[in-house]
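Chemist: mind looking at a prediction? Sequence and model below.
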Amino acid sequence: MTASAVETAPVVPVLIGGKWSEPNAASYGNVYNPSSGEVIGRVPMGSSADVDAAVQAAQKAFPAWSDMPVTKRCAIMFKFRELLNQHFDELVKLCTRENGKTIEESKGDVRRGIEVVEFACGVAHLSKGESLPQIADELDAVTMREPIGVCAGITPFNFPAMVPLWMYPIAIACGNTFILKPSEKVPLTANRMAELLIEAGLPDGVMNVVHGGREVVDALCTHPGIASVSFVGSTRVAKHVYTLACSHGKRVQSAGGAKNVLLVMPDADPDPTLRAIMGSSFGNAGQRCMAGSVLMGVGKCADEWRERVVSSIKSVKMDDTNSNPKADMGPVIDGTSRERILGLIETAPKEGGDIAADGRQMKRDRGFFVGPTLIDNVQPNMTVFKEEIFGPVLSMLRPKTLDEALSIMNKVAYGNGASIFTASGSSARKFVREIQCGMLGVNVGVPAPMALFSFSGWNQSFFGDLHVQGVEGVMFYTRQKCVLSRWDSNYVRQHGW
């Protein structure tokens, strides 16, 4: 694409105080269609001044919004849900256009996000307090949950719809105001959903959207007017956000990377297990924190699982996801990601790995494509095992026993997801009890919880106390007030009441 074509791409606006505008940014980033490599937008790399303006707007809106009856706030969430469903196909196409995932994957992205909005519609019930009369002599106790103030969310590129919706519907329904900084690589879906939220009747300043890179992230983490920060991204940045925001007195939930294991026992049912492995490892081009990135074939079954996966990889249809709705897999997000993934694949043979299926051979004239890859004979000291690849690369290990597999898995620094495939209740129970990980699957390839449950990563996959989604999300965006009341019964008797 020529420089002039890039310069004429539309600028992505910010939302501050109910008004969309194009900030006077010093620099801009490119928003790509990953399937073609075409620049489809220019995102302003904002500044701390943009964050401050958004905070002021959110602070101004907070008193009235937090004082609004929760049932009226939830009514707006119901309307928002209705609008998301009405514009479902539009959002799906937009998600595919800026992220590169297949149409079916984008449908899942938007649908799972809507599930969180549905959950937020029930905040009136979920945020109720507790009471206990006569907790002591003539003493009653009541608790209530109240909003915490201005909340911020920093979201990644891999789920343009779902991850932002993990955050602000719950925060807003609980009575807070919100500032979203979506990934600068996929700002279009986030902006469109914010437009629909305003259309649903949200007052000015309750929802704000800013764009940018590290300066904006750091400003959100340090601004004295922000009460909490929610983050999803790499472990390196998750640590930075958690440390910086906590040091400035904020509540933080900071979800990082992962190295998720697919453990296959010799008695696993072949066909559904293979479908689960392929979907988990290569769905969304491997760009999700719940992707299966390590395959463990236990004992003698390892050889047959290598052959099954290699054979399935050969049938994967990788193509432009915008023009081919039947594509099985799309591109990775941009050229930088592609080159990083290719570089990691190249380290494997040098360190003793065996490339059984080489995605580097699946090339396209346009776009940012890396084919599905299987690397066999991987050892725990190898780069492809230790690092989160975040691409369509599956590393295969060959433990001899379930105990050996569990020992290897429990030494992994991350703790997002792990799955076992087996017909044995004993093996499944042992796996569930002994694995050091937050989200587990038994004959399930992607054990990501529904909106009713929290997304509960452990270890280096999460920094904080209260996770996104579910009841933990409601607790994160509220704080408890406890009231003890004593009324003098003698006073009542003296006055004849």
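Modeler: Structure's in. What do you need? Just so it is clear, the structure is predicted and the values come from calculations on it, not from any experiment.
Chemist: SS state for Arg360?
Modeler: Under DSSP: H, G, I helix; E, B strand; the rest coil, the three-state class of Arg360 is helix.
Chemist: what residues are up against the most centrally placed residue in the chain?
Modeler: Centroid-nearest residue in the chain, with CA atoms, centre = their mean: Val163, separated by 4.2 Å. By CB atoms under 8 Å, 6 or more residues apart in numbering, Val163 lies in contact with Gly113, Thr155, Pro156, Val232. Just so you know, the C-beta spots here come from the backbone N, C-alpha and C atoms, and that holds for glycine as well.
Chemist: turn the residues you listed into JSON lines, including secondary structure, neighbour count and pLDDT.
Modeler: Putting the contacts of Val163 into JSON lines (DSSP: H, G, I helix; E, B strand; the rest coil; neighbours: other CB atoms under 10 Å; pLDDT from 0 to 100) gives the following:
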{"residue": "Gly113", "secondary structure": "helix", "neighbour count": "25", "pLDDT": "97"}
{"residue": "Thr155", "secondary structure": "coil", "neighbour count": "26", "pLDDT": "98"}
{"residue": "Pro156", "secondary structure": "coil", "neighbour count": "23", "pLDDT": "97"}
{"residue": "Val232", "secondary structure": "strand", "neighbour count": "28", "pLDDT": "97"}
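Chemist: mind putting those residues in a markdown table, distance to Gly201 included?
Modeler: Shown next, in a markdown table, are those (distance: CB to CB, whole Å):
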| residue | distance to Gly201 |
| --- | --- |
| Gly113 | 19 |
| Thr155 | 24 |
| Pro156 | 29 |
| Val232 | 28 |
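Chemist: wait, which of these is closest to Val216?
Modeler: Proximity of those to Val216 was ranked by CB to CB; the top entry is Thr155 with 12.4 Å.
Chemist: how about the helices in the stretch 1-150 of the chain?
Modeler: Assigned helices in the stretch 1-150 of the chain, in chain order: 3-7, 48-67, 70-86, 88-99, 103-120, 123-126 (criterion: DSSP state H, counting those that start in this stretch).
Chemist: these: which one's closest to Met409?
Modeler: Using CB to CB, the nearest of those to Met409 is helix 103-120, at 26.1 Å.
Chemist: which other helices and strands contact that closest one?
Modeler: helix 70-86, helix 88-99, helix 162-173 (3 or more CB pairs under 8 Å, 6 or more residues apart in numbering; DSSP states H and E).
Chemist: hmm, back to that, and Glu199, which of the helices of the stretch 1-150 of the chain is closest to it?
Modeler: Smallest distance to Glu199 across the helices of the stretch 1-150 of the chain (CB to CB): 5.9 Å, for helix 70-86.
Chemist: quickly compare the helices and strands packed on helix 103-120 and say which is most buried.
Modeler: Across these, the average number of neighbours (mean count of other CB atoms under 10 Å) peaks for helix 162-173, which reaches a mean of 28.
Chemist: list the buried ones in stretch 121-138?
Modeler: Neighbour counts over stretch 121-138 (16 or more other CB atoms under 10 Å) mark Cys121, Val123, Ala124, Leu126, Ser127 as buried.
Chemist: output the below-cut-off pLDDT ranges for the protein.
Modeler: Counting by pLDDT under 70, the chain has low-confidence residues at 1-5, 489-497.
Chemist: mind putting the helices of the stretch 1-150 of the chain into a markdown table with distance to Leu274?
Modeler: Shown next, in a markdown table, are the helices of the stretch 1-150 of the chain (distance: least, CB to CB, whole Å):
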| stretch | distance to Leu274 |
| --- | --- |
| helix 3-7 | 43 |
| helix 48-67 | 47 |
| helix 70-86 | 34 |
| helix 88-99 | 26 |
| helix 103-120 | 18 |
| helix 123-126 | 39 |
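Chemist: how does this protein divide up, domain by domain?
Modeler: For the chain, automatic domain parsing gives the domain ranges 3-256+461-482, 260-442.
Chemist: tabulate the ones you listed (JSON lines), appending distance to Phe453.
Modeler: JSON lines is the format used below for these (distance: least, CB to CB, whole Å):
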{"stretch": "domain 3-256+461-482", "distance to Phe453": "5"}
{"stretch": "domain 260-442", "distance to Phe453": "9"}
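Chemist: among these, which is nearest Phe455?
Modeler: Phe455 lies closest to domain 3-256+461-482 among those, at 5.0 Å (CB to CB).
Chemist: chain center to that closest one: distance?
Modeler: 12 Å (CA atoms, centre = their mean, to the nearest Å).
Chemist: for stretch 377-385, same thing?
Modeler: Stretch 377-385 has its C-alpha centroid displaced from the chain centroid by 26 Å (CA atoms, centre = their mean).
Chemist: contact partners for the residue nearest to Ser27 when sequence neighbours are not counted?
Modeler: Among residues not flanking Ser27 along the chain, Met45 sits closest, at 4.7 Å (CB to CB, 6 or more residues apart in numbering). The contact partners of Met45, taken as CB under 8 Å, 6+ apart, are Ala25, Ala26, Ser27, Tyr28, Gly29, Glu184, His211, Gly212, Gly213, Glu215, Val216.
Chemist: repeat for Leu188
Modeler: Going by CB under 8 Å, 6+ apart, Leu188 touches Val12, Val31, Ile40, Gly41, Leu94, Arg97, Glu98, Pro160.
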